[in-house]
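Q: here are the coordinates; sequence isn't available:
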Ligand SMILES: Cc1cc2nc3c(=O)[nH]c(=O)nc-3n(C[C@H](O)[C@H](O)[C@H](O)COP(=O)(O)OP(=O)(O)OC[C@H]3O[C@@H](n4cnc5c(N)ncnc54)[C@H](O)[C@@H]3O)c2cc1C
Ligand code: SF4
Ligand code: SF4
């Protein structure tokens, strides 16, 4: 192999180097961040509203200017020059620094919000206080660490979203998709819930108050949606509350399957979802860092499906814990609920085993059988033992461990903190139970596929390298096979970066969607039928 | 157990090995002097540009070979002794084969230019060339200007590579317009414009006279034959085509022309010796194809075919309809069927050309002016569906049908602008037709009814 040291050869040289404007833009962005840092260390800013605006504006402007300089004077086209030379995007020094900083931020956010200035029962301090004016303007309440996080999150999606649209300005799929995530983040995740909070206590809610609800957040991503306190809050908030609860149930059982059937899971993962939104925008520079090895794929399947089992158990246990036993009071009792869950799982399992078995890999089959047996056994144990705990653990223990392990550590600290190390979709790939459920359906029952264009692939590897989900797209494309993978979020980047126009994301008939045949066009037809004989 | 030895771990050799493994239990050995593992030659440019690392352009993980019992050996075969089925590797080690597949690819052409072996002068073909380029042109301070000689696909890739590091590039092209031996005039013209947009100093109708050395035996400048102009430069890229890499076979008794001569079964004149990929030369050209086809797809198709023959199912090499693709800087190019340039097209071949008013998008449809049969299409900036064109060519559709149903063949990403209506308009005006383009039909595309 070459011993030539590439990074030395390129020090300060294009395509790595920054131009003067980009350096100034970086300073402006840093200035914005510094204001927040100073606030965090309790430097008190007199006019909080003004300083907050200055800080956010500086971050926004810095990012936009930097990106404008990067793309505006280049012709439209793929902009990956130097990705593996830059230390931030190739796990170099700056990559690690960014990773450590982000991870630190998440740890403080989740576990030590007081360092950000959160004061329970009293006036906020620090950086949270800086956000008070904005929070009060929106919801009427003082800011919390989550409000700070939500605001920064939205700013990141908007600023980096615009950057992404410039970068891919030749690609309308990418532009429209990005507008969509920017819209859903700003409206659904940020503004609507804050405004909804203003209704609390109002008479259209019958004096009740709604739980914080980002409507596009579907269970099981939103694993707490059916917890007791939320159900109570929904039910005490009049028709609107009831409607929201029904919407929450419909989203997972009706809306999601229909849309996934028609368009694949991309409608959610890369058009609507906030986690996906951040990954696609702020995380775009790190997509090439995902692990493409077969081993990583194996680990992914086990981990992500375990999370699905975990969240199912946890939610079942939690719902179970607050249901009653008396049928005369409310039709849904502990036992009807468990029977319902068990029947639903059996139905899905039976359908897969009867109709779709040949489409599952061996280990997936074993896994499915194993998990199914465990869940059923646990539910059975409840019935036959009459024990108050379902699934051996107290529901509260399950809930707490899920929320700590999955909700905080996995999705936040690892999922986003480690963007610069493991790539931008670690959470979506290894951890997100929603993605796993959508993916399961995408693999087995959806019109979506990535079509491989006959024999045009030159095995260059751009598609695999830039697939954020670590799918070895080339492995399929070079054999002429379509790509139908449960983890594919339909970001469309593989298709965008392919220099030979080989890949197209599209919805089409189910028949012939998964070509187990190798239909490499160009060769003798008779030979191809021979090659395809198994 | 039969011992299959393959020389060359490129796409041809590796495809053959994979398919032989699928079909049989034979012992398979691949020998290559270039790298330990198979990599995608077509992607070399992306490593220099920083889009990928070298490991990314290796299509299989390293465990793949052992798992599939394909033995890899590093070394150059220096001699083939066909009488006793022996190979000599690196002049010393020898190796027995029962069947031999020669898949040694190409090497860059050098036409005896004065100074062609100076330091700083190189081709772009191998991994070693890539490493050399990192030495010759690591950045714009070391390489203040590069000159590329030869306006083909590799030349334009090299230009794009160097430009990604902001290195000024002068591009000497012998033809009067870029690649116009292959492309029709309108397309070639558009690419000329695009090359200049990328700030590449394109010199058409310009040949290299000589490469001038400095006192250290390193390139100092080049001289243009037509004008006598001297262009100062630190690096010269020679990309004037490739030719089969077969010098080591001269004494072997295997029949050679420009390449290794093979029949339609990819057999050479010597029993149990086959040749595939860039280095194979057909006795008779197949259809409109050239006897030597130095393209990725040909290597792959020949590999598939020869594997069948070696595993007891003797089969002819019968490539289907011609297709190819490339990328000129930002413009993707695809072709299906045959579209010839003005220089080489036959008398009956007529072209319909459409180009977008502002964007760098155009197509050329070739058809028979008498029978109106559709012959082929070139597209720039529009992706097309291979399967659909393959079907239309097989079914011998006429040009009107193609224009009418063009949307079915569109393979651009969703939400892209469509140009089919505009294209049909121009076609109607030019040929006095009134074709109304059809709406896209999944039924027709996927043949589901
Ligand atoms: C920069 C570049 C870009 C290209 N882009 C495209 C493209 O976009 N589309 C396309 O269709 N084609 C493209 N090509 C052409 C394509 O890469 C070749 O047609 C293809 O790689 C040929 O494959 P092969 O297996 O026949 O030979 P090769 O890939 O050349 O493999 C032959 C191997 O054999 C080794 N070898 C040779 N002699 C010996 C010996 N005596 N002993 C041991 N080993 C030996 C060589 O070192 C080499 O590793 C491109 C080529 C280059 C250089
Ligand atoms: S396969 Fe393509 S569309 Fe799917 S996630 Fe990977 S890059 Fe995105
Ligand atoms: S599908 Fe495209 S990007 Fe992927 S390996 Fe093939 S040619 Fe390269």
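A: Nice, thanks for sending it over. Predicted, not measured: the structure shown is a model, and the values here were computed from it. Ligands and ions are numbered 1, 2, ... in the order given.
Q: only C-alpha atoms for contact and neighbour calcs from this point on.
A: OK.
Q: neighbouring contacts of the helix or strand hosting residue A:157?
A: Assigned by DSSP states H and E, residue A:157 belongs to helix A:145-167. Contacts with helix A:145-167, where a contact means CA atoms under 8 Å, 6 or more residues apart in numbering or on different chains, come from A:56, A:60, A:63-64, A:67-68, A:71-72, A:76, A:78-79, A:109, A:113, A:116, A:118, A:128, A:131, A:135, A:174-175, A:178-179, A:182, A:185-186, A:189-190, A:277-278, A:280-282, A:284.
Q: Tell me the buried residues within the residues you listed.
A: Burial by neighbour count, 16 or more other CA atoms under 10 Å in any protein chain shown: within these this picks out A:56, A:60, A:63-64, A:67-68, A:71, A:76, A:78, A:109, A:113, A:116, A:118, A:128, A:131, A:135, A:174-175, A:178-179, A:182, A:185-186, A:189-190, A:277-278, A:280-282, A:284.
Q: can you pull the buried residues of the helix holding residue A:157?
A: A:145, A:147-148, A:150-151, A:153-167.
Q: How far off centre is that helix?
A: Here helix A:145-167 is found 14 Å from its chain centre; the criterion is CA atoms, centre = their mean, to the nearest Å.
Q: Could you list the low-pLDDT ranges of chain B?
A: Within chain B, the stretches falling below the threshold (pLDDT under 70) are B:449.
Q: which residues in it form helices?
A: B:11-23, B:44-48, B:63-67, B:127-136, B:153-164, B:185-197, B:296-310, B:386-394, B:399-404, B:406-409, B:420-431, B:442-446 (DSSP state H).
Q: Mean neighbour count and distance to ligand 3 added to these, as JSON lines?
A: Below are these laid out as JSON lines (neighbours: other CA atoms under 10 Å in any protein chain shown; distance: least, CA to the nearest ligand atom, whole Å):
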{"stretch": "helix B:11-23", "mean neighbour count": "23", "distance to ligand 3": "13"}
{"stretch": "helix B:44-48", "mean neighbour count": "23", "distance to ligand 3": "11"}
{"stretch": "helix B:63-67", "mean neighbour count": "11", "distance to ligand 3": "17"}
{"stretch": "helix B:127-136", "mean neighbour count": "18", "distance to ligand 3": "18"}
{"stretch": "helix B:153-164", "mean neighbour count": "22", "distance to ligand 3": "15"}
{"stretch": "helix B:185-197", "mean neighbour count": "18", "distance to ligand 3": "21"}
{"stretch": "helix B:296-310", "mean neighbour count": "25", "distance to ligand 3": "11"}
{"stretch": "helix B:386-394", "mean neighbour count": "19", "distance to ligand 3": "13"}
{"stretch": "helix B:399-404", "mean neighbour count": "20", "distance to ligand 3": "26"}
{"stretch": "helix B:406-409", "mean neighbour count": "21", "distance to ligand 3": "18"}
{"stretch": "helix B:420-431", "mean neighbour count": "16", "distance to ligand 3": "24"}
{"stretch": "helix B:442-446", "mean neighbour count": "14", "distance to ligand 3": "20"}
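Q: want to throw those into CSV with distance to ligand 1?
A: Formatted as CSV, the helices of chain B follow (distance: least, CA to the nearest ligand atom, whole Å):
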stretch, distance to ligand 1
helix B:11-23, 4
helix B:44-48, 6
helix B:63-67, 16
helix B:127-136, 8
helix B:153-164, 5
helix B:185-197, 16
helix B:296-310, 4
helix B:386-394, 15
helix B:399-404, 25
helix B:406-409, 21
helix B:420-431, 27
helix B:442-446, 26
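Q: care to break chain A down by domain?
A: A:1-199, A:294-434, A:448-531 (automatic domain parsing).
Q: if you compare these, which one is most tucked away?
A: Highest mean neighbour count among the domains of chain A (mean count of other CA atoms under 10 Å in any protein chain shown): domain A:448-531, with a mean of 23.
Q: is ligand 3 contacted by that one?
A: Yes - Domain A:448-531 is in contact with ligand 3 by CA under 6 Å from any ligand atom, via A:457-463, A:474, A:477-478, A:498-500, A:502-503.
Q: And for the residue of the stretch 1-150 of chain B found nearest chain A, the neighbour number?
A: Closest approach between the stretch 1-150 of chain B and chain A, counting by CA to the nearest CA: residue B:50, at 4.1 Å. Residues near residue B:50, counting by other CA atoms under 10 Å in any protein chain shown, number 22.
Q: about what we covered before: just to be sure, which of the residues of domain A:448-531 next to ligand 3 are found in strands?
A: Among the residues of domain A:448-531 next to ligand 3, DSSP state E puts residue A:503 in strands.
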